[in-house]
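[1] Pasting the sequence and the predicted model now:
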Amino acid sequence: MTTIRIDRITRTFGTVRAVDDVSLTVDEGKLFTLLGPSGCGKTTLLRMIAGFADVEAGSIWFGDRRIDSLPAHQRNIGMVFQNYAIFPNLTVEGNVAYGLRARKVNPAEIPARVAKALERVRLGGYGPRWPHQLSGGQLQRVAIARVLVIEPAVLLFDEPLSNLDAQLRTQMRVEIRQLQQALGLTAVYVTHDQEEALAISDRIAILRAGKIEQIGSPEEIYQRPQTAFVAEFLGGTNMLPGVAGAFDGQRTEVATCGTSISVPGKVAEAGQKLLLSIRPEALRLAEGSDGPLLQAKLVLREFLGQIQRLHATLPDGTPIRVSALGGHQVGGAAGTALAFAYDPAQIIAYLAP
Amino acid sequence: MKGFRYTVTFGALALLALFLLYPLSLVLNASLRVNGTGAVTLANYLQIFASKYYVNSIGNSMIAAALATVGAALIGTPLAFCLARVDLPGKTVLLTLATLPLVLPSFVAAYALVLLFGHAGIITTGLRAIGIPIGSIYGLTGITIVFSLTLYPYVLMPAMAGFKAIDISIEEAARNLGGSRMHAFRTVLLPVAMPAVLAGALLVFIEALENFGVPVVLAEDRPFLAVDIFKLFAGEADNNPAAAGALSVLLIASTAIVLLVQRRYLNRRRFATNARSIPPLLPLSPGWRAVATAFSWGTVLLSLFPFLAVLFISFLKFRGPVLTWQLGFSNYSLLLAGSYQPLYNTLMLATVTALVATLLGAPIGYIVTRHRGGLSSVLDVIGMVPFAVSGTVLAIGLIIAFNSGFLTLTGGWLILVIAYVVRKLPFSIRSASAIVHQIEPSLEEASINLGVSPFWTFVTMTVPLMASGLVGGMILVWITAASELSSTIVLYTSRWSTMTVRMYQFLEGGEGAGSASAAAAILILFTAGPLLLVHRRLRRQDASML
């Protein structure tokens, strides 16, 4: 039950600014995700909250208590590590009881609290087992029980699912989300997997080279990316270079890739260079529909079950990806001419750097 | 694949059967018969257990080995932690120096203790002159000190590897859950490294139990197992080969049990935490860093002090057994005036041993690493047997086996080489196996797949890849063979005497303290020199060899 406030913190490694003047607030009971490519500073930021990386400048607050100079073991934070970090010399019970013993909790209380925490992560009865007898998913549950049992002020997750296989990953992220919501814990979650971030978070911060690119809800970040980087990082958009044409009072025509695309509103002065972001699912195969169309040639079709991905080229040869529902039959071999309809409202234009 | 594997496996098993198992079986046989003939009987064993002297002998050896084990663990474990996790000044040098006691002849350290603290020792007489009495270092005290200070690298190396293999996240998890650094060390780091510490400590126990040189120098008239076996077998006064055989069997049984416990224990409890990278150094306050530095450097220098003292004393003049403060080379001229032959013998025997042990050890190490199960496992186990057999006992077995009959070897140089090779074989096998572990099997599979036979793949691709590691192992074998005493003392003849034997003879004679110190100094130079030259290459392997 804590609000985390990070105020202008900085950390450099040599000449690299790993975290560069970052400020953000995590509201009480929310799950906040730090998302970005490797090396963007998200793990460093998390480790600064945990107390494993020194804060060079700035401050970290839990509510109105400043915590950035406390030693790591006095911060009352629960951290779930990427490789689980289960103590191999202790049983499951021993691992879960570790934090309670370190806090000198009355030994009589410990077994009941451990059992309850193990029940919570659906590992009831696993107490006497040794870590090497458990699977990866079970180890991750032990790691979660181990931090839940100390009733931490804040939960931190450092890419907790990256060592699990795909199916278990989606299952565990639902469990983590449900536990976090049920207990109303404030959590900071680090991942480089954008789907995981979208699925699990209340709010997401996209980091790039130590700086925050955008903070927002998953929907905001996905639908209204503020920078070309965010648009490209999240959901693998088609980024097309173009030049702005005249504004007709409603739309701006943008000349791009040997064709022309209309974008709502006045996005730039005529003649300015732009980048257009078109999500693969924003395009759909046109079947005699009116409205603007995009002409393309089919290169390759990948059938992925629920959806199919079409690889096509625009008139000047620029490749473009389109997602269509899997049931929709797309006939024709490579080279077939296709027409895609689009909703101009879903296209976002950025001024080219 | 099979042809090569079977050739190596059967060849190695045949050699080990002939030069290890057959001699040992003869020792066992001798221990079960009175005067070497007659029906099978336990009389020799009963005689030993009825004799207060021999029971004392077994007891003394066990107690000394146990104390040495504790001592080495108490020195080695904190030192390992400091070397693994503290920013010590001159760490590279310190690490090299810390491995030296492992190969320097321990009886030289024992002799140094006598020169310094013995009845007529420099420090004893010095203290006595100003009226401070000093306790005797003979017996358990001195033996425990020497064992602890020379055998601690057996604990240091695996413990250091153990501390380095703990992923930092384990420690961070402990801190995150509310443990202070001390608490995390006590509850997580130490327990996780403990199997490595104990594995090393049990090797200390075995080495201390088998050791002949240290008790022979420091025991005076107190009975010690390894010394008594030698005296019963080779002594003129109380010659009794049957009793020697019985004591030998008891010694082998003890060491074998400890070795089995060690292997079983290791197999059951290995806490791999799969460190992705070596854990970072601890951010210590200047005060604590100074404490760690003083402890680490102090311990290592203390363990090398006896050797340095001998080097220094070897350049002082002796008048009979009495040391003077005049510098000079008289000890060396006296030693070498006799003959250069022992020095030549030492160098020749060590060189042949190193070559043969490596030629045998490399393919065996390769086979036992690449192929598990079946005969390879048998070879793996038998290849480790020499570790449990003391040099004296093996030598006695070799003498009984090859004194006459189809293969007569006694009196020549070959029997010394055989004894050395058999004794150092576990070492060669381990070192080869450690390197093979680092070579991807797919490399060999690719070569075989492209049409090169398994044998030629081994020779033309695997061996060159192993070469740098093999050279390191070979040098370690050379060093330890050059300073071998316990089997040499049984097997040598006057023609094939070595530096270690000369040193032993000078000590036994009592008059040759000067020559003994010169011989000890030469041994130190010939062992420390090559090690320091190749220490970088060796350091990577030391831990894996144990």
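    Great, that's in hand.

[2] Low-confidence regions, the stretch 1-150 of chain B specifically.
    B:1-2, B:35-36 (pLDDT under 70).

[3] just the helices in it please.
    B:2-16, B:22-31, B:43-50, B:52-85, B:91-103, B:106-117, B:122-129, B:140-151 (DSSP state H, counting those that start in this stretch).

[4] Also the stretch 51-200 of chain A?
    In the stretch 51-200 of chain A, the helices defined using DSSP H, counting those that start in this stretch lie at A:92-102, A:110-120, A:136-148, A:166-183, A:194-200.

[5] For the shortest one, list every residue counted as buried.
    Of the residues in helix A:194-200, those buried under the neighbour-count criterion (16 or more other CB atoms under 10 Å in any protein chain shown) are A:194, A:196-198, A:200. Glycine gets a C-beta too; all of them are placed from N, C-alpha and C.

[6] closest to chain B among the residues you listed?
    Chain B has its nearest neighbour among the buried residues of helix A:194-200 in A:E196, at 20.0 Å by CB to the nearest CB.

[7] show me the contacts for the closest one.
    Applying CB atoms under 8 Å, 6 or more residues apart in numbering or on different chains to A:E196 gives the contacts A:161, A:169, A:173.

[8] thinking the first one is in contact with A:R173, fair?
    Yes. Taking contact to mean CB atoms under 8 Å, the distance of 6.0 Å between A:L161 and A:R173 places them in contact.

[9] So for the two, which residue has more residues nearby?
    A:L161 (25 against 22; other CB atoms under 10 Å in any protein chain shown).

[10] Chain neighbours aside, what residue packs nearest to the more buried one?
    Leaving aside its chain neighbours, A:L161 sits nearest to A:R169 (4.5 Å; criterion: CB to CB, 6 or more residues apart in numbering or on different chains).

[11] Likewise for A:A282?
    A:Q346 is the one closest to A:A282 (CB to CB, 6+ apart), at 4.1 Å.

[12] Enumerate every residue touching that neighbour.
    If you count contacts by CB under 8 Å, 6+ apart, A:Q346 has them with A:278-279, A:282.

[13] Which of those residues has the largest number of neighbours?
    That'd be A:I278 among the contacts of A:Q346, by other CB under 10 Å, with 24 neighbours.

[14] mind checking how far the nearest residue to that one once chain neighbours are set aside is from chain B?
    Counting by CB to CB, 6+ apart, A:N238 is the residue found nearest to A:I278 once chain neighbours are left out, at 4.6 Å. Applying CB to the nearest CB, to the nearest Å, the value for A:N238 to chain B is 36 Å.

[15] who in the stretch 351-500 of chain B is up against chain A?
    By CB under 8 Å from any CB of the partner chain, no residue of the stretch 351-500 of chain B approaches chain A.

[16] so who does the one residue in the stretch 351-500 of chain B that gets nearest to chain A touch?
    The stretch 351-500 of chain B approaches chain A most closely through B:R372 (19.7 Å), counting by CB to the nearest CB. For B:R372, the contact set (CB under 8 Å, 6+ apart) is empty.

[17] My reading is that it lies in a strand. Confirm?
    No. Assignment of B:R372 by DSSP: H, G, I helix; E, B strand; the rest coil gives coil, placing it outside any strand.

[18] In the stretch 151-300 of chain A, what residue spans correspond to strands?
    A:154-158, A:186-191, A:203-208, A:211-216, A:238-247, A:251-256, A:259-264, A:273-278, A:283-285, A:293-303 (DSSP state E, counting those that start in this stretch).

[19] Most tightly packed of those strands?
    strand A:186-191 (a mean of 26; mean count of other CB atoms under 10 Å in any protein chain shown).
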